[in-house]
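A.B. asks: Provide a 3D model corresponding to the input given below.
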Amino acid sequence: MAAPSRKRIVVTGVGVVSPVGQGIDSFWRNITAGECGINQISAFDTEGYSCIIFC
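C.D. replies: Numbering: from 1, shown residues only. This next block holds a predicted model:
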């Protein structure tokens, strides 16, 4: 029986990519200032869709 293969991963960095900011500094600054990353969709007509918000 063959030995089980071990999958490897590499973490090259830890950061933030979110609607509130990209990178730890801008994310933290915006979130502590009360910024919200949720908004109503306005780029197209949402009639007929069950969800009208986006992040």
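A.B. asks: going forward, measure contacts and count neighbours with C-alpha atoms only.
C.D. replies: Noted.
A.B. asks: Who does the residue nearest in space to the middle of the chain form a beta bridge with?
C.D. replies: Central residue of the chain (C-alpha atoms, centre = their mean): residue 18, 3.8 Å from the mean position. Beta bridges link residue 18 to residue 21 when assigned by DSSP bridges.
A.B. asks: ok, which stretches of the chain are strands?
C.D. replies: Listed in chain order, the strands of the chain (DSSP state E) span 17-18, 21-22, 39-40, 53-54.
A.B. asks: Any chance of a markdown table for those, columns distance to residue 33 and mean pLDDT?
C.D. replies: Shown next, in a markdown table, are these (distance: least, C-alpha to C-alpha, whole Å; pLDDT from 0 to 100):
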| stretch | distance to residue 33 | mean pLDDT |
| --- | --- | --- |
| strand 17-18 | 15 | 91 |
| strand 21-22 | 12 | 93 |
| strand 39-40 | 17 | 92 |
| strand 53-54 | 20 | 90 |
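A.B. asks: end to end, how far does stretch 18-32 reach?
C.D. replies: Using C-alpha to C-alpha, to the nearest Å, the end-to-end distance of stretch 18-32 comes out at 14 Å.
A.B. asks: So which bits of that stretch are buried?
C.D. replies: By neighbour count with 16 or more other C-alpha atoms under 10 Å, stretch 18-32 contains the buried residues 20-21, 27-28.
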